[in-house]
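Peer 1: Have a look at this fold, sequence not included:
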């Protein structure tokens, strides 16, 4: 099925608009990162990153999210080449890995809070939980979005519609992994040192 | 057949980017947990360079931000966002570091000072 | 049975106790009841719902933005009257007209209302009204998102006004610096009202920024390259870039403050390692681009007005564009000048001071270009032109004092004194207010089909100009004499005459506003005599080629553009009548109630956050997510008008 000129123009606008929204999201993360950088040593007398972060755990999280982003890219490729079954498999893997990532992150948060290192303890922890937590919130929203996409696919399954909506999700998902590069580096790697 | 080959080729590109990005993450991890032979600053520089490289790989191969793309708005707005982002982030850190330096206290001392002022009821 | 969780921390003690706030708390609901009664009596509910509440037509949305903004202007000026009447009698041995807590709420709400609801509101009104018409398109890129943005703005407005009735507003100034706005010093709902009203309106603004940027990039008429766009459109483009970069920083800062307040975190608290100065840094990283967001569309408007009323093309189109872009770049690297005195030291201050001074250069270039446009033009002194001339004088004075303030050593003397207050009112009133009023006068005929009465418009300009001078020139002197801002009483008797003159000035401005209200009422009454043609000012840009009032589809036939000021040259060469075959089918977006419902849900959710009604927060959030998903699943959001019908409507409108 071919698209009319208007539909192509409309899709173009939506992609540009969504991309610009992601750029504004970048700026939001910037303010959170800047806040974290300023407050990372304000531990209120308590332990800092080097005592609290477990690099091995975080590396596994990082590789899971990276794999999720990779598999999402494969899903994008699949649907652009009309391979519906492969697409569903890859999208399913994306969601599963995303859930694994989020579970690991929530476990980490739970452990910290259980040991008494809550966001209310110090500025450092407030900044840590907020920055990493905002990223996690974006991941959660992405997972809801991906699930709705699968539901929409089985509801009506019109190829170009799903392609259009999915390519927006894919960009969003890749973008979240890009943000994670910097959380991994600046929060965890530099925090542990 | 041609389409299938092209499809495989593009899949491989994703795979290469994935492996490179993964390697960079592992390298950062290895540096972070190794015995500290680096100063804080040089560690930060190396690790940020690794991050920047991974940013490039993911932007180019996952986000498809290459200069071949006809509508250049994505690349242009991305570059501009990074430009302003760095101004705001680096600028804020510069400003706040100078503030802290001029206060002449460590964050914990600053904290104690603020506490004592607060208790005075200011 | 413990029902408290149902209503959070609401209780009757939050009703107002002071006469003025009690009066507002009674007056506002009464006014709403009166309006509802009138709507019922005249059977206009259906009309209101169909034509205004569910509309996605940018022109209608623009008119709604403008109406809300003008009502809020009345409240903002009333706040100003309260402030100045207090300071006029606040000298030694004087009286306290209202208690300090109320006074602090008044100056806080004055700032918030004027910036977020008057200036931003009028700005979005003008974007919606003028941009699609000027670029020769039927609609903006995302009409539904536009509606959502307006209703979010409206929700923010309800929150600010609602605080008068129940809970009281913030006492922390329009920017709400911690630790004053932290739980320790402001435990009540006031600061929360402030946070969520700004947060909700801010998200609306951010979405609009994206919307208009994509519109200008993608919806221009065929042949309209970037260098053939009207300068106003350029100024909007540059403004939207600033919006997209700056507003997320506001969102972030307010979110961090609300986390401190709602969840006891320690970003900006004075204890636990927080750093209140970080808030100041972040909020001004937004705040400085914000003031350029406000003033750059005004610059664009002046470019259109000066060219039109001098009957001459704008002098130096290219340099004007470059100047706009330069101002945009520089506005990102000057924000620290708002807190020179906070202690970053000489080298940081020097850098930002120099950058601030540099911004004056492209601004000056623009002023000179406007003057050169006037030179050897055939000038018509219609009221928009009068407003421009008032701007030229007023803004120049304000700009000059700005360059003074850009020098850190001088700023150390006058930071946060009335000198500063005078400076920013000088540039905002001279630049933003005069510009937006001029724009309203200029584009009113295009929206409504009749003029605003000229005589009353000119009278308003003169009263505003004189009123401004009387209100704010004394403040420069006061600031140099040591008067700090936000004072309600003072001990130096030599200040009294200055404060009295300033109070008189506010009254004169008030007369100016009364002239404007009279102007609107009178013009509506006499609209037959004040009837406007499609091109009442002999304009230069495309919007003057469509009938007045502009039809809902804007252009029956999308125009083709080959140069700047296309319409002007078409008039010289003879306007070609359209052939019947030129008419094509038109696809337009359908009305929808989702924009309104999402906005009102945002209001309910914000109220729930303010009053700690947690179950309602969750319900509202889920409702918004569900509505967004429903909207994205909706495939039938447009309707088509067949070409024959378009032709019929167009011929009828032009007859």
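Peer 2: That came in fine, so what should we check first? Because the structure is a prediction, the values reported are computed rather than measured.
Peer 1: just checking, residue C:175 touches residue C:282?
Peer 2: No: with contact defined as CB atoms under 8 Å, residue C:175 does not count as touching residue C:282 (10.7 Å). Every C-beta, even on glycine, is put in place using the N, C-alpha and C of the backbone.
Peer 1: can I assume residue C:602 is in contact with residue C:623?
Peer 2: No: Residue C:602 is beyond contact range of residue C:623, at 9.8 Å (criterion: CB under 8 Å).
Peer 1: of those two, who's got more company?
Peer 2: residue C:602 (27 against 16; other CB atoms under 10 Å in any protein chain shown).
Peer 1: what's that one in contact with, if anything?
Peer 2: Applying CB atoms under 8 Å, 6 or more residues apart in numbering or on different chains, one finds that residue C:602 lies in contact with C:151-152, C:155, C:200, C:620, C:624.
Peer 1: go again using 6 Å as the cut-off
Peer 2: Applying CB atoms under 6 Å, 6 or more residues apart in numbering or on different chains, one finds that residue C:602 lies in contact with C:152, C:155, C:200.
Peer 1: again with residue B:96
Peer 2: By CB under 6 Å, 6+ apart, the neighbours of residue B:96 are residue A:38.
Peer 1: Show me which residues of chain A are close to chain B?
Peer 2: Residues of chain A found near chain B, taking CB under 6 Å from any CB of the partner chain as the criterion, are A:16, A:19, A:23, A:26, A:30, A:34, A:37-38, A:41-42, A:55, A:59, A:62, A:66, A:70, A:73, A:77, A:81, A:174, A:178, A:181, A:185, A:189-190, A:192-193.
Peer 1: Narrow those residues to those that are buried.
Peer 2: Neighbour-count burial (16 or more other CB atoms under 10 Å in any protein chain shown) applied to the residues of chain A next to chain B gives A:16, A:19, A:23, A:26, A:30, A:34, A:37-38, A:41-42, A:55, A:59, A:62, A:66, A:70, A:73, A:77, A:81, A:174, A:178, A:181, A:185, A:189-190, A:192-193.
Peer 1: Among those residues, which ones lie close to chain C?
Peer 2: Of these, the ones that also sit near chain C (CB under 6 Å from any CB) are A:16, A:38, A:42.
Peer 1: Show me the residue sitting in the middle of chain B in space.
Peer 2: For chain B, the residue sitting closest to the mean C-alpha position, by CA atoms, centre = their mean, is residue B:51 at 5.3 Å.
Peer 1: Regarding the residue lying closest to it once chain neighbours are set aside, what is its secondary structure?
Peer 2: On the basis of CB to CB, 6 or more residues apart in numbering or on different chains, the spatially nearest residue to residue B:51 that is not a chain neighbour turns out to be residue A:185, at 4.1 Å. Going by DSSP: H, G, I helix; E, B strand; the rest coil, the secondary structure assigned to residue A:185 is helix.
Peer 1: Get me the contact residues on chain B for chain A.
Peer 2: Applying the criterion CB under 6 Å from any CB, the portion of chain B that neighbours chain A consists of B:7, B:10, B:14, B:18, B:21-22, B:25, B:28-29, B:32-33, B:43-44, B:47, B:51, B:54, B:58, B:62-63, B:73-74, B:77, B:81, B:85, B:88-89, B:92-93, B:96, B:107.
Peer 1: Got a PyMOL select line for the buried ones in the residues you listed?
Peer 2: Selection command for PyMOL covering only the buried members of the residues of chain B next to chain A, criterion 16+ other CB under 10 Å:
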select buried, chain B and resi 7+10+14+18+21+22+25+28+29+32+43+44+47+51+54+58+62+63+73+74+77+81+85+88+89+92+96+107
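Peer 1: Closest one of the ones next to chain C among the buried ones among the residues of chain A next to chain B to residue C:117?
Peer 2: Proximity of these to residue C:117 was ranked by CB to CB; the top entry is residue A:16 with 29.4 Å.
Peer 1: Need the pLDDT of the closest one.
Peer 2: At residue A:16, the model reports a pLDDT of 93.
Peer 1: in what helix or strand does it lie?
Peer 2: Residue A:16 is part of helix A:5-39, with elements assigned from DSSP states H and E.
Peer 1: So which elements touch that helix?
Peer 2: Under the contact criterion of 3 or more CB pairs under 6 Å, 6 or more residues apart in numbering or on different chains; DSSP states H and E, helix A:5-39 touches helix A:123-155, helix A:159-182, helix B:73-103, helix C:190-218, helix C:231-263.
Peer 1: Select, out of those helices, the one closest to residue C:468.
Peer 2: Proximity to residue C:468 (CB to CB) singles out helix C:231-263 among the helices and strands packed on helix A:5-39, at 23.2 Å.
Peer 1: The residue in the stretch 301-450 of chain C that chain A sits nearest to: what's it in contact with?
Peer 2: When distances are taken as CB to the nearest CB, the stretch 301-450 of chain C approaches chain A most closely through residue C:332, which lies 11.1 Å from it. For residue C:332, the residues meeting the contact criterion (CB under 6 Å, 6+ apart) are B:84, B:87.
Peer 1: phi, psi of residue C:586?
Peer 2: For residue C:586, the backbone dihedrals are phi -120, psi 130 (criterion: degrees, to the nearest 10).
Peer 1: Pull the residues that contact stretch B:75-88.
Peer 2: When contacts are defined by CB under 6 Å, 6+ apart, stretch B:75-88 is touched by residues A:23, A:26, A:30, B:65, C:245, C:285, C:332.
Peer 1: repeat for stretch C:549-566
Peer 2: Contacts made with stretch C:549-566 from outside it, assessed by CB under 6 Å, 6+ apart, are listed as C:57, C:133, C:136, C:138, C:221-224, C:228, C:313, C:446-449, C:540, C:542, C:578, C:582, C:586, C:646, C:650, C:653.
Peer 1: Tell me the buried residues in that stretch?
Peer 2: In stretch C:549-566, the ones that count as buried by 16+ other CB under 10 Å are C:549-556, C:559, C:561, C:564-566.
Peer 1: Would you format these as TSV with pLDDT and secondary structure included?
Peer 2: Conversion of the buried residues of stretch C:549-566 to TSV gives the following (pLDDT from 0 to 100; DSSP: H, G, I helix; E, B strand; the rest coil):
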residue	pLDDT	secondary structure
C:549	93	coil
C:550	94	coil
C:551	94	coil
C:552	94	coil
C:553	94	coil
C:554	94	coil
C:555	94	coil
C:556	93	coil
C:559	94	coil
C:561	95	coil
C:564	93	coil
C:565	94	coil
C:566	94	helix
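Peer 1: residues in chain A within reach of chain C, list them.
Peer 2: That would be A:13, A:16-17, A:20-21, A:24, A:27-28, A:31-32, A:38, A:42, A:44, A:119-120, A:122-123, A:126, A:148, which are the residues of chain A within reach of chain C (CB under 6 Å from any CB).
Peer 1: Where does confidence bottom out across the contacts of stretch B:75-88?
Peer 2: Between the contacts of stretch B:75-88, the one the model trusts least by pLDDT is residue B:65, at 82.
Peer 1: for that one, what are its contacts?
Peer 2: B:59, B:75, B:78.
Peer 1: and residue 84, how many neighbours?
Peer 2: Went with chain A since none was named. Quick note: residue A:84 (other CB under 10 Å) scores 14 neighbours.
Peer 1: Can you look at chain C instead?
Peer 2: As a burial measure, the neighbour count of residue C:84 was computed by other CB under 10 Å and equals 22.
Peer 1: mind checking how far it is from chain A?
Peer 2: 36 Å (CB to the nearest CB, to the nearest Å).
Peer 1: Quick check: chain neighbours aside, which residue is closest to that residue?
Peer 2: Nearest non-adjacent residue to residue C:84, counting by CB to CB, 6+ apart: residue C:503, 4.2 Å away.
Peer 1: Name the residues of the helix or strand hosting the one you found that are buried.
Peer 2: When elements are assigned from DSSP H and E, residue C:503 belongs to helix C:496-525. Of the residues in helix C:496-525, those buried by neighbour count under the rule 16+ other CB under 10 Å are C:496, C:498-513, C:515-516, C:519-520, C:522-523.
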